[in-house]
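1. quick one: sequence plus predicted model below, questions after.
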Amino acid sequence: MLSAVLMVPAQAQNAVHVTSDLGSDSILIGEQTEFTITVSGPGSLLEEVAFPTIGDTISAHIEVVKKDRIRDTLRHNSEIAISQRWYITSWDSGYFAIPPYPVKWKNDSFLTEALLLYSTTVPVDTTLSIKDIKDIFVLGYTWTEWWWKTGIWIVLAIGLAGVGFLFYFRWKKRPKKETVPAPVPTLPLH
């Protein structure tokens, strides 16, 4: 665990401690670690502590994944520690500096120490051939999937065929119009 401590005397007996640390100073690309800033001292001294505002990136190579809420804990002899935690990651390999951040207390401002984060890549064995991570996994067809994709169309086709047969047979059994032949005139028309 990498840690930096700054001690500032507030009064003759009281002191405020500002620490910053990384959960792990070495990570794999994309792996997350914690960046924590902690201010500790007598409880009456910590009423006006303001932590730095850190956006979604710390530097060009370090991203902030999540910001935790400010936590306070009671230590021995009424000493209180207030901490703010950020979860960070890096998507590039190399050493990357986390700059010093100002922590404000009353009218004073204290800087944390700069930290280094080492991000490494996954080791690759170049003697082996290139292969897929996993084989293609074929999922089986369940009855409900078959029903919603195929069964409904079959039932719809059978229903339309039934309606078609119904209309055909009703049309065929309809009463036929009798054709009445035209009456043959008995007298000539002249």
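-> Arrived safely. If you're wondering where the values come from, they're calculated on a predicted model, not measured in any experiment. Numbers count the residues shown, from 1 in each chain.
2. drop to CA atoms for contacts and neighbour counts, all remaining ones
-> Will do.
3. what strand or helix carries the spatially most central residue of the chain?
-> For the chain, Val65 is the residue whose C-alpha lies nearest the centre (Cα atoms, centre = their mean; 9.9 Å). Following DSSP states H and E, the helix or strand that holds Val65 is strand 62-67.
4. just the buried residues of that strand, please?
-> By neighbour count with 16 or more other Cα atoms under 10 Å, strand 62-67 contains the buried residues 62-65, 67.
5. what does stretch 78-98 give?
-> Residues of stretch 78-98 classed as buried: 79-90, 92-94, 96, 98 (neighbour count, 16+ other Cα under 10 Å).
6. any idea how far it is from the chain center?
-> Centroid displacement of stretch 78-98 relative to its chain, using Cα atoms, centre = their mean, to the nearest Å, is 20 Å.
7. repeat for stretch 142-150
-> Distance of stretch 142-150 from the chain centroid (Cα atoms, centre = their mean) equals 31 Å.
8. next: stretch 113-122.
-> 24 Å.
9. how long is that stretch end to end?
-> Here the two ends of stretch 113-122 are set 29 Å apart, with distance taken as Cα to Cα, to the nearest Å.
10. and the helices in the chain?
-> Counting by DSSP state H, the chain has helices at residues 143-146, 152-172.
11. switch the buried residues of strand 62-67 over to TSV; also include distance to Tyr118 and pLDDT.
-> Compiled in TSV, the buried residues of strand 62-67 are given as follows (distance: Cα to Cα, whole Å; pLDDT from 0 to 100):
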residue	distance to Tyr118	pLDDT
Ile62	10	94
Glu63	14	95
Val64	15	95
Val65	17	94
Lys67	21	93
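12. farthest-apart pair in these, please.
-> Farthest pair in the buried residues of strand 62-67 (Cα to Cα) is Ile62 and Lys67. Separation: 13.8 Å.
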